Each structure stands twice: as structure tokens, then as C-alpha cells.
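Student: Quick one: sequence and predicted model below, then my questions.
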Amino acid sequence: SQRMLKQTLFNLLKKTLAKPGVKNIVLVEGVRTPFLLSGTTYADLMPHDLARAALQGLLHKTSLPKDAVDYIIYGTVIQEVKTSNVAREASLGAGFSDKIPSHTVTMACISSNVAMTTGVGLITAGQCDTIVAGGVEFMSDVPIRHSRKMRKTMLALNRAKTLGQRLSLIGSIRMAHLTPELPAVAEFSTAETMGHSADRLAAAFGVTRLEQDEFALRSHTLAKQAQDAGLLSDVISFKVPGRDTVAKDNGIRPSSMEQLAKLKPAFIKPHGTVTAANSSFLTDGASAVLIMSEEKALAMGYKPKAYLRDFVFVSQDPKDQLLLGPAYGTPKVLARAGLTMDDIDVFEFHEAFAGQIMANLKALDSDWFAQTYMGRKVKVGAPAMEKFNLWGGSLSLGHPFGATGCRLVTTVAHRLLKEGGQYGLVAACAAGGQGHAMVIEAYPQ
Amino acid sequence: FDVAVIRMNDPNSKVNTLSVRMQNEIIEVFNEVLANDAVQSAVLISSKPGCFIAGADINMIQACNTSEEVTKLSQEGQKMFERIEKSPKPIVAAINGSCLGGGLEFAIACQYRVATKSKKTVLGTPEVMLGLLPGAGGTQRLPKMVGIPGAFDMMLTGRNIKADKAKKMGLVHQLVDPLGPGLKSPEERTIEYLEEVAIQCARGIVHKKILLTKKKGMMQKVQDYVMGIAFVRQQIYKNVNGKVMKMSKGLYPAPLKIIESVKAGLEQGPDSGYLAEAQNFGKLAMTSESNALIGLYHGQVACKKNRFGVPERPVKNLAILGAGLMGAGIAQVTVDKGIHTVLKDTTVEGLSRGQQQVYKGLNDKIKKKAITSFERDSTLSSLTGQLDYSGFEKADMVIEAVFEDINIKHRVIKEVEAVIPPHCIFATNTSALPIKDIAAASMRPEKVIGMHYFSPVDKMQLLEIITTDKTSKDTTASAVAVGLKQGKVIIVVGDGPGFYTTRCLAPMLAEAVRVLQEGVNPKKLDALTTGFGFPVGAATLADEVGIDVAAHVAEDLGKAFGSRFGGGNVDVLKTMVERGFKGRKSGKGCYVYTPGLKSKDVNPDIDDLLEKFKLTPNPSVSSDSDVQYRLVSRFVNEAVMCLQEGILNGPVEGDIGAVFGLGFPPCLGGPFRFVDTFGADKLVAKMRRYEEVYGNHFTPCQLLLDHAKDSNKRFHK
């Protein structure tokens, strides 16, 4: 078509982001399990089961020999204590050679981003050529602990030598000992829950409830369209032991503005604007990507999907700027890559909350914010909405914390292929007031 | 525009106060709101970040000459707030920052209150601390709003209440979170957000989505029932009255008038209640106690300013020598003010004790929910504990808090000056050694200054800064700036033995020893001093300061000032020290201290010790009242002498130093205000009587004699 032709001509004029003396690193393939609302079909699994499914899906899709990988890295947030190095348990279970070392990383919602960039680092340093990176999150089961008092008593009981000592320890147990300790949903440094912070962030940027509901509806609508059109080709089907085969995300629910307006605020009551419907939901899921040096990929006969280019990690005040990672990361990574907002054809931002996305877009579009908080002379501008999260996002597809990063990168690669663009940009926020952004370049087809 | 927004902003001040002008403007705006048919409700908000209304204008009250005038002011306020309360159009008070005194009374007259959870948002009725009462309906509305016990607690303590507590008490209806950076500054946007939420509330009330009469819970119903029983109320009045009398020794009239006003309203109906409130307010405004307390308030404000200007370079790195009680205390009040603090000691044990003290101080704040554990950790990251002088080349100021021995201080100053940069200030924390003697060992005396902290440093508000002839103005400015950052009330005095505070205390303690020798036991001595208004009795004070320190100071100052500083025999103190009675820190002094026990008994071994030094009292100057005036007059005379000699910059600093550093009775407002109120002539007459018996210990100084001769001469205008 004429549009494709125009795009091709345009791409020819654009420069590639390859840097002399730096290895080209490519994304060969990316897959993920269907993302399911926690407590649904995956409920009886363990985290490494999900990661295993994603790894097997990747092996299957790429026909990669099981001993051809140099290193495996996984990201996760809430750790199952039995499988604290979930990367190792999952890779062994997925049938990878036991000679392949694997480790687990954690950086809240950008954990799998760290898994990928760790792989990029290993390739750039010449240590490895072939990396599998991924992420997994399993919210259907979380570690709930005995109280500190009870743990202390139990550990002392272990060491007790006489019956008398044991009896006196058991006798010391009180009702208060039995109160369980749930994993903190709040930021450790500030004790504020993320939803509460998101609501304050939305208010700080003057994001209205209407704007948030509209964006949430957009996310679900676009996700549904993408799902129906078969665009979500990174999703593999997964036969869940003891259950049916799942092949689709189950959190996509396009509703109506009227329905959305009925919900009460979930965090700041009664005047807050963040609701269950304009927030991402608790999700189970895993993702995996195959990252290689370009040379190696070509030598093994692969057709890479995209180049992984410049990336940045940013961090800021975990209290008042908890979720502004994309606003800080985007200008920084663009500057590193020597690109402007207009150069980017595909944007994939992690949608933690509709209010958080709108706040980030407003921050990017504000000269005052750029000058006051980012030390920039002018704003970079907000991304054009017709390039932004066109196949849905975390609000609708779901957000398994540790797994979302790989989904974003794979989606950019797939959208660049589908839409014919040259550059894509991934940006995400994470607990702790951190963030990540990466530029991805289409691989010449 | 169904909701009218009334924004308060006094253009001439940093804070909003309820002045006559502001009140008139409010009435004018309120009339407009009522007259405009389009307006259905209103929001009352301040445009000032950090302040809703800080209170009534004190000058407005002080300008009155009679209690009738003040009563009239009160009644005008009552009338205005009554109109607000009865307004047919709901008014929502949107509170961000201080909402105190008259400001709180205004807010509770409104139909609904929304407040931000900002740390600056505090609600309270501090009038009692100025010797007054909430005189614009506060004593009548608060009991209904927060219950009788809660209202008494608020009005009798005058304490500040934070937003979340206020919500729990029923003082505010809804809370709003402070916002961070957005498209405007956080402060500006937070006020805007508060206004938006308040407007929603106002509409909600008009459209009956928010009901003003809340359904009462079971607890509330039970409480209401209990409080409805006259006998229960009588018991409460009695109980509260008893507590107040015990705490105030009857020296402060305001708390009693508060109880009286509340009682009048509850027992005889609102008309009597409001009348009692207005009349009592008028009476209190004319009392010397209120005058004294207001004077202290003004003095405190003045002593929170740096009259030496902005220092050339701010202190960013502070090193403290000695991790004892003092050194660690200074570290504790410094480390959380954005100043990197080095705490140096000579032994690991001493250092660990000091570090633990700082840690505990911060940790206790977590228990009070003043800070989070994360804030504690990040604050502690600014504290470095060490045994050597590494890093001292970056120090902007060194405060030494080592043992009070001139030779040790000389050694330390030489060691330190070898490692610090040229601009670094050397401050010495001593309670009696003249600074010029310490500075004699310095290569750069212009950088040497005294910073006399009071123990416990984190609780005592006063900092006495001592300058020598050679101390440069910039050094002084810098020391004051650091002290202000530490949250201190500061007096800057001239150099001399004992400076100002220790010098005033020494003759009083000498007199206290004499009183003990004359057979008054420590408990009686304490009762006499606290009965005069001192928060801590003289015998307890000696134990707190340390008998060894007291002996040391008595001896040093005795040498410096001669027989005038005599009185009790210094050997009493010395013998006590020899026998291990060093005061609280050694477990025994005038009293015996048992860890974990609050009550204390008189040290039984002290009786025979005092017996050895027994003096025969002269009955003509030994009545309870005479003993009190003997103690106080020596203190006051010495204070006046410090002004006469130019040690003090003025009577204001003298009063502040005596009250905040030494516990001089706040109801008397300090030694100088005491002379003004009591009459210099009357005081001199008393002293002459004592002089006849005891000699020059009681000889009034020239300045006091001048004031006695001319009744127009006053220390305070």
C-alpha cells in the first residue's frame, strides 16, 4: 500500500542506532502464558510451573536446542520461599540442560526488564551469546508468615534441649502470636499502598475520574480488538495440569462509561478517583524472551524480530513520585539514543493505573515539570495516542508484576513488524519510585 | 457558582490572625453569601500555605485597658460565630496548616470541616498557655463536639492535635492527603485540591448526599447517656479541678476559669455559658499571669530570630567531641536537620552509649508516630560515630562537650585546631568556665564561642550562646543559625563566670543549701519552691544537675564573685560527693532513686550529714514565705546585675533564659517581669531585711535600687 511505501522510504532516511564497536543485540522471539486473573485457572500451580510453561513455549516456538543457551535470568517480585531462585527451578523443570546457570532478579514491576538488560549486559561484555530472560508472578498464592513473635518462639523451640524448656516456650504462646503476617502491599519506606499513591499522583496532575475511566475503557477495548484480530501472537496455549487448556487472557472486559462511573474509589475515600476498574488487577502469568547477539542469531539461522538498543533505569522520590518512572525515563532514553518523541513509531507503556498513565503523559507534556523536576529546558512532549498501547495494556491484559517487562518489549517488536515502524519505546514504573525505558529498533525485514 | 469560595489571606503577615479588620471583612463577605440567591453553600479556606488561621490577634487583646473591653471583644466574636453556626447555607471549613485558638473556634462554628493530613495541619486551643481561655464559643462548642473529657483535655493542655487524631475525635469530618509534584508546586496544588474536595462536600451537604447529623454508634450513645447524668458530670468537674490544682498549685487562674465556663454552659444552659465565657475571658486578660505568659510568648518569638544576620557559610558538617549525655543530646537535635554530624569520643564504650542515645531518641519518635522507621534510618545515615579526627578537615563547626576541666578543654582545642579548616568554628559547651579562658589556648579566638546547652538537650528548649570580646560577629551568626536549626530558643550573652544562667542559679542554690542546713528537709524545700511556681523543686533540681556539678560551680563562682556568693557551706555538697551522693546519676543525692520507680524518698543518710553542718535559723527570716523570697530574691538580684553589667543584652533575653533554661516560674514571666509586677521597692525592702541577718548575700544591686527609687522605671514597657 501507499502507506507502507511511504513508511519504507521514511525508514531508509532514518539512521540505525547501531553504535560502532558495540555488539548488536537482537530479540529473536518472545512468548508468554495467557495472563489470568489470580485465583482462576492457575490457582493450584506454583510460580515455577508458570515460568516453566513460558520457557517450554519459547523452546517450542524457536526450536532452540536445549543446550544452546548460555544463561537464563528470571524476574519476580513476590518470592515463593521454596523456589527463591525460580529461574533455576523453572529451567530445570522446562528441560533445559542442567549445565546452564540461571539466576533470579527483582526490581518490582520492572523485574523482567532487569532480567533482559542483565542479559544484554552479559552479551555486550562478551560473556554470553544466547540468553533467555523472562519473568513470572503468581498472586494466587503468596507467602503468609507466622508473626515474628511466633517465629522466634518456634526457632527457640528448635534449640530447646529439655522437655521443661519446650513446655515453658509452648506455654509462652499467646493469642497475639497467632496473628499472621501478610506480605506488605505497601511501600516499605513510606507505608503507603500503591493505589493510594496513584490516587494522589492523579490529583497532583489534575487527572479527573472521567479521564481515567476513559483511558481504562480504551485499554480494554483495544485489547479486545487485538485479541479478536489474533494480534496477541506472543500468547502460547498452556495445558494446566488438572484443568483445561488456556489460550487467552481472561481479564479483558470492555465495559461502558456508565458501568465504570458506578464504581466507588478503592483507596482514597470518599473523594478519590482510582477505582478497581481503572487500576490493573492481580494477575498470574509468565513471559520469556530469547535474546542473542546478532551474529549468533544469524549463524543459528534465526530471523531476529528487533534490536534492543539504549535503555535507562531511573529512580526518584518513593513517596510523591512513586509512579513517575516513564516521565523520567522517556526523555533520558531518547537523549541517549539521539531521538525525539516524533521519531518513535510505537509506544508501549506499562499501565499500572489509568491515573498513573495520564499523570505521566501530563508530566511529559509540561515545560514546568521538565524544568522544575527534570533539569531540562523544555518538555519532550506526550506520545501521540494513535501510537500508544494500541493492543491494550496492563489495565486490560493483566499485570503479573515480574512478567510485564518482557510482554512490553515483545509487543513493541510485534507492533513494529505489523505496523511497519522503525523505532519503539518501552517505559514502565515500579515500586520504590523506580522506572525503566528502552528503545527498540525494527529488524530490517 | 452555587458554592462561594471565601479565601483568607492577610497581605501584611505570614499568617492569618483574627484581627478586628479581618472579622469585619468576614462579616461583610458572609452577608454577601447570605444575600446572593445563587449561592447555596460556601467554602472557607486560607490561601496561605501552612496556615488556616493561627489564632486571634494578641495585640487586639493587649490593647484593651479593662476587662469589660475584652469581654466585649469576646462577645462580638461569639456573635459572629453564632451567625456562622446558624447559617441556613452550609459553610465548609477547609483546613490546611495551623488552625489554632480563634481559628479553631471559627472552624468549629462551621457546619463541616475538611482538613489536609499535612504535618503542618494542627488544631488546638492554646489559649491556656497565654493565661486565657477560648473566648469565642470554644468552651461551649467543644464539649458538645468532642465530649466533656476530650474538650477539657484540649483546652487545659492547649496541645496541638494532628489531622488524623482530629478526625478520630470528631473535630473534623474528612481528611485530604497532601499532594506531591504535579503541574504546580505541591503546596499550591494541595490547597487547590483541598478546595476542590471542600466544594464537593458543600454540594454534597446541599444535595443531602452528606448528612450533618451522623448516626450515633453504640459507644457514643453510651457515652452520651453517662454524660447526661448530673452526678457523673459533677465527678468529672471535681476530678479535673483536683488535677489542675495539683499541677498548677493554684498559681494559674486560666484552667479554673475554663472549667467554670464549661460547667456554666452544661449546667445552666447556653446563655449562662456564653456569658461566663466572655466574662472570664475579660477577667483573665487583665491578670498578671496572662500578661507574664504573653510576654514569654513574645520573648520566645524574638529569641527564635537571628539578630546577627545570615552567616557567611552555612554549617553543613558538624563535629561533636564527647558522646556523653550532652554530646549525644546535641547530636540528636542536629542529625535530623539536614546537617551531617560526626560524634567523636575516646572510647568505644562511650561512643556506643552515645550512639544508642541518638538511636533511642529517634526510635521513641516512631512509637509516637512522629516519624517512620524509614525516616529514622535515613536520618541516622547522617551520623558518623568515630574515635579519631578523620574527616574533621571538612567540619564547618566543632562543638566540644568534654569534661569540664580547663586543662582538658585546652588540650582538646589544640588537637582540634590542628585538623580543622580555617573557616571552622570552635564552640565549647560549658556551663561555667569563662569562654575567654578556654579561648586562651586557641590560635584564632575570633572563631571561638560558647554554646551552653541544657540537659536533656532534646527536651530543654534553651540555648545560651556566649561571646567573648574577640568572637567575630559571623561566628556568632553561625552559632545562632545552628541553634535555630536545632529548634532552640536562643539568648546571646556576654562572657563571664557562669555567664547568665549558671550565675543566677548559683546564689539560689547556695541559699537552698543554707536552708537545708537550717533544718528544712529536702521535701519541704521542694514544696516551697514548687509552691512559688518553679516546675522543679530546688533539692530535686540539685540532684538533676548533679551534686558534683553544683559543688564545682559553687566553688568556681564563689572564687570569682567572692563572699557575695556565699550562703550554705560548700562543704555540704563536697561531703555529699565524697560519700557518693552525686544526685540522680549515682542513684543517691538529696533523694534515693530506685530505677523504675517514679516516687522517691529523702536520702536517709543525709540527715546526719546535715546535722554536722547544722545552722540555727533566725526566726525573723525563716517563715515559709521568707524562705521562698530568700531563694527567689537572690536569683532575681543576680539576673538584674547581669543586665547592669552588660552580660545580658536586655530584659527579654533575661526572662526567656531564666524560664526556659532554669524553670523560673512561667506565671511570673521571668525575673525582670517579676520585678515589674511585684515592685522593685517591695523586693528591695525584703532584701534589706534579709541583709540585716545574712549580710552581703542580699545586698540589692544598683540597677534594682534605681528601679526601687523610681516606680516609673520598668524593664518591660
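Tutor: In hand now; what should we look at?

Student: going forward, measure contacts and count neighbours with C-alpha atoms only.
Tutor: Noted.

Student: ok, the nearest residue to residue A:293 once chain neighbours are set aside to residue B:302 distance?
Tutor: Once flanking residues are discounted, residue A:293 sits nearest to residue A:25: 4.5 Å by CA to CA, 6 or more residues apart in numbering or on different chains. Separation of residue A:25 from residue B:302 (CA to CA, to the nearest Å) stands at 67 Å.

Student: Mind checking which of the two has more residues around it?
Tutor: Higher neighbour count among residue A:25 and residue B:302: residue A:25, with 26 against 17, using other CA atoms under 10 Å in any protein chain shown.

Student: Kindly state the pLDDT recorded for the more buried one?
Tutor: On pLDDT, residue A:25 comes in at 98.

Student: can you pull the contacts of it?
Tutor: Shown in contact with residue A:25 (CA atoms under 8 Å, 6 or more residues apart in numbering or on different chains): A:120, A:123-124, A:291-294, A:307-309.

Student: Is there proximity between the longest helix belonging to chain A and chain B?
Tutor: Ranked by residue count and defined by DSSP state H, the top helix of chain A is helix A:209-228. No: using CA under 8 Å from any CA of the partner chain, helix A:209-228 never reaches chain B; the gap is at least 13.3 Å.

Student: ok, now how distant is residue B:242 from chain A?
Tutor: As judged by CA to the nearest CA, to the nearest Å, residue B:242 and chain A stand 38 Å apart.

Student: isn't there a helix covering that residue?
Tutor: Yes: under DSSP: H, G, I helix; E, B strand; the rest coil, residue B:242 falls within a helix.

Student: pLDDT value on it, please?
Tutor: Predicted confidence (pLDDT) for residue B:242: 94.

Student: Downstream of the longest helix of chain A, the next helix or strand is which one?
Tutor: Using DSSP states H and E, the helix or strand that follows helix A:209-228 in sequence is strand A:238-239.

Student: Write out the residues of chain B neighbouring chain A.
Tutor: Counting by CA under 8 Å from any CA, the residues of chain B near chain A are B:177-184, B:186, B:189-190, B:193, B:197, B:372-375.

Student: what do you get if the cut-off is 10 Å, keeping everything else the same?
Tutor: B:174-186, B:188-190, B:192-193, B:196-198, B:200-201, B:372-375, B:377-378 (CA under 10 Å from any CA of the partner chain).

Student: Just those residues: which are in helices?
Tutor: Among the residues of chain B next to chain A, the members falling in helices are B:186, B:188-190, B:192-193, B:196-198, B:200-201, B:373-375, B:377-378 (criterion: DSSP H).

Student: Closest one to chain A out of the residues you listed, please.
Tutor: Here the nearest of these to chain A, counting by CA to the nearest CA, is residue B:374; it sits at 5.2 Å.

Student: Quick check: chain neighbours aside, which residue is closest to residue A:226?
Tutor: Leaving aside its chain neighbours, residue A:226 sits nearest to residue A:391 (5.2 Å; criterion: CA to CA, 6+ apart).

Student: Surely residue A:140 touches residue A:46?
Tutor: Yes: using CA atoms under 10 Å, residue A:140 is in contact with residue A:46, at 8.8 Å.

Student: who's in contact with the residue of the stretch 1-150 of chain A found nearest chain B?
Tutor: Evaluated by CA to the nearest CA, the stretch 1-150 of chain A has residue A:148 as its residue closest to chain B, separated by 17.0 Å. Going by CA atoms under 10 Å, 6 or more residues apart in numbering or on different chains, residue A:148 touches A:154, A:177-181.

Student: Closest one of the residues you listed to chain B?
Tutor: residue A:181 (18.1 Å).

Student: from what I can see the closest one touches residue A:142, true?
Tutor: No: between residue A:181 and residue A:142 there is no contact under CA under 10 Å: 11.1 Å.

Student: between the two, who's got more neighbours?
Tutor: The neighbour count for residue A:181 versus residue A:142, taken as other CA under 10 Å, is higher for residue A:142 (16 against 12).

Student: where does the chain dip in pLDDT?
Tutor: As the question left the chain open, I've gone with chain A. By pLDDT under 70, the low-scoring segments of chain A are A:1-14.

Student: my bad, chain B
Tutor: In chain B (pLDDT under 70), the answer is B:1.

Student: still on that earlier bit, apply the buried test to the ones in helices among the residues of chain B next to chain A and list what passes.
Tutor: B:186, B:188-190, B:192-193, B:197-198, B:200-201, B:373, B:375 (16 or more other CA atoms under 10 Å in any protein chain shown).

Student: export those to JSON lines and tack on distance to residue A:249?
Tutor: JSON lines is the format used below for these (distance: CA to CA, whole Å):
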{"residue": "B:186", "distance to residue A:249": "39"}
{"residue": "B:188", "distance to residue A:249": "43"}
{"residue": "B:189", "distance to residue A:249": "39"}
{"residue": "B:190", "distance to residue A:249": "39"}
{"residue": "B:192", "distance to residue A:249": "41"}
{"residue": "B:193", "distance to residue A:249": "38"}
{"residue": "B:197", "distance to residue A:249": "38"}
{"residue": "B:198", "distance to residue A:249": "42"}
{"residue": "B:200", "distance to residue A:249": "39"}
{"residue": "B:201", "distance to residue A:249": "41"}
{"residue": "B:373", "distance to residue A:249": "40"}
{"residue": "B:375", "distance to residue A:249": "41"}
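
Student: so who does the residue lying farthest from the centre of chain A touch?
Tutor: Most distant from the centre of chain A: residue A:164, at 52.4 Å, with distances by CA atoms, centre = their mean. Residues in contact with residue A:164 (CA under 10 Å, 6+ apart) are residue A:170.
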